[in-house]
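A.B. asks: Sequence below, structure please.
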Amino acid sequence: MRVAIVGASGAVGQEFLRVLAERDFPMDDLVLFGSERSAGTRYTFRGKEYEVKLLKHGDDFKDIDIAFTSAGAGTSKEFADDITRYGAVMIDNSSAFRMDDDVPLVVPECNAADALNRPRGIIANPNCTTIMMVVVLQPIERLSHIRRIHVASYQSASGAGAAAMAELQRQYGEIIAGRPVTVSKFPHQLAYNVIPQIDVFQPNGYTKEEMKMFNETRKIMHSDVKCSAMCVRVSSLRAHSESVWIETESPVTVEQAREALAAAPGVTLQDDPDNLVYPMPLDTAGKDDIYVGRVRQDLADDCGLTFWLSGDQIRKGAALNAVQIAEYLIKVGSVK
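C.D. replies: As a prediction, the model looks like this:
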């Protein structure tokens, strides 16, 4: 098994290396690809040093079985044919192919089997906020169909990449030192602030990030559910959180929901408010599961539940989900 990582020097690329090592992913060789800026950089994986190769058109993927790509939508579109030409499975972390009808959009806890139907050799990894939410929604969907979702996301600086994390840390230092605050990666200063915008605004007043949650949730869950989202950038460094309200076709009790969530793969129920126990990004950063708490009846809807979730969007929201897709393909014999 030969594995490639495209975008190896980025935040998600680096997380791929950690996740593959931690999970003892079965492979015989690893090939790293990157831009001109990162080509030549060396990384150690399982005690062996690997040099990042320049990503270019040609036959470099001829003997690759699985390629994890996280270098942006433009790069994914440009190099998809090169990557898949000789049979490699491309598991793509960008938004390039998510809503294409002939590309499966997969969260293994929800729709793993969709990954088996990939006519273009591409499997799309969903948006991080969508992944985190549907992992928690799926066990409730099995109890009663979810008709509507309202969600407010609280997305950390890490969602905008390693440079954005560094900018947030630098902003706090600049404020403390009394220097002018540098703003580059965000529309406004993020330190000591929240920004009610992630990605660009669409004609309907929602942002692109918010529309991803609407469209991707329906595709992953094979559902007609309607999702109205408000995505907000907050000044936590790593791990996203979401406040979620759902309406089901028939009432689901808090006890039923808690029982289903406690038994669900990829979910950790952390719900003891009497003892101040609930998920927080400070605790969920670096963890694999999505943590959920504050599960309660919606006072405004007899068929409604509301809850709070938090998870590491670089892991389950990106690298880990992609690796789990690959593990599923290997398990069912769907890769050469």
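
A.B. asks: Might you list the low-confidence residue ranges for the chain?
C.D. replies: Scanning the chain for pLDDT under 70 picks out the ranges 336.

A.B. asks: Now do the helices in the stretch 201-336 of the chain.
C.D. replies: 208-221, 254-263, 281-284, 320-331 (DSSP state H, counting those that start in this stretch).

A.B. asks: Look at the spatially closest residue to residue 308 that is not a sequence neighbour and say how many residues are nearby.
C.D. replies: The shortest distance from residue 308 to any residue other than its chain neighbours is 4.1 Å, reached at residue 294 (C-beta to C-beta, 6 or more residues apart in numbering). For the C-beta atoms, the positions are set from N, CA and C on the backbone; glycine is no exception. Close neighbours of residue 294, defined as other C-beta atoms under 10 Å, add up to 15.

A.B. asks: what does residue 320 give?
C.D. replies: Residues within reach of residue 320, counting by other C-beta under 10 Å, total 26.

A.B. asks: is it true that it touches residue 288?
C.D. replies: Yes. Using C-beta atoms under 8 Å, residue 320 makes contact with residue 288 at a distance of 5.8 Å.

A.B. asks: you'd agree residue 198 is up against residue 211?
C.D. replies: No. Proximity of residue 198 to residue 211 does not meet the contact threshold set by C-beta under 8 Å, at 11.1 Å.

A.B. asks: Of these two, which one has the most company?
C.D. replies: Comparing residue 198 with residue 211 by neighbour count (other C-beta under 10 Å), the higher total belongs to residue 198, at 22 against 18.

A.B. asks: mind listing the helices for the stretch 1-150 of the chain?
C.D. replies: In order along the chain, the stretch 1-150 of the chain carries the following helices (DSSP H, counting those that start in this stretch): 11-22, 73-84, 108-111, 128-141.

A.B. asks: Residue 315: which of the ones you listed is closest?
C.D. replies: In this view, the helices of the stretch 1-150 of the chain are compared for proximity to residue 315 by C-beta to C-beta, and helix 11-22 is the closest at 6.3 Å.

A.B. asks: thinking again about what came up before, looking at the helices of the stretch 201-336 of the chain, spot the one closest to residue 115.
C.D. replies: For residue 115, the closest of the helices of the stretch 201-336 of the chain is helix 320-331, at 5.6 Å, according to C-beta to C-beta.

A.B. asks: quick one: buried residues of the closest one?
C.D. replies: By neighbour count with 16 or more other C-beta atoms under 10 Å, helix 320-331 contains the buried residues 320, 321, 322, 323, 324, 325, 326, 328, 329, 330.

A.B. asks: what would the helices of the stretch 201-336 of the chain look like in CSV with distance to residue 310?
C.D. replies: Shown next, in CSV, are the helices of the stretch 201-336 of the chain (distance: least, C-beta to C-beta, whole Å):
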stretch, distance to residue 310
helix 208-221, 16
helix 254-263, 14
helix 281-284, 4
helix 320-331, 15
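
A.B. asks: Those: which one's closest to residue 273?
C.D. replies: Scanning the helices of the stretch 201-336 of the chain with C-beta to C-beta as the criterion, the closest one proves to be helix 254-263, at 12.0 Å.

A.B. asks: ranges for the strands of the stretch 101-250 of the chain?
C.D. replies: In the stretch 101-250 of the chain, the segments counted as strands under DSSP state E, counting those that start in this stretch are 122-124, 146-155, 226-233, 240-248.

A.B. asks: okay, the angle between the last one and strand 146-155?
C.D. replies: Same thing as strand 240-248. Taking axes from the mean of the first three to the mean of the last three C-alpha atoms, to 10 degrees, strand 240-248 and strand 146-155 form an angle of 170 degrees between their directions.

A.B. asks: And the third one, by the same measure?
C.D. replies: On the basis of the same axes, to 10 degrees, strand 226-233 is oriented at 10 degrees to strand 146-155.

A.B. asks: what helices or strands is strand 226-233 leaning on?
C.D. replies: The criterion is 3 or more C-beta pairs under 8 Å, 6 or more residues apart in numbering; DSSP states H and E, and the helices and strands that strand 226-233 contacts are strand 146-155, helix 208-221.

A.B. asks: Can you redo the ones you listed as JSON lines, where the extra columns are distance to residue 124?
C.D. replies: Below are the helices and strands packed on strand 226-233 laid out as JSON lines (distance: least, C-beta to C-beta, whole Å):
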{"stretch": "strand 146-155", "distance to residue 124": "20"}
{"stretch": "helix 208-221", "distance to residue 124": "9"}
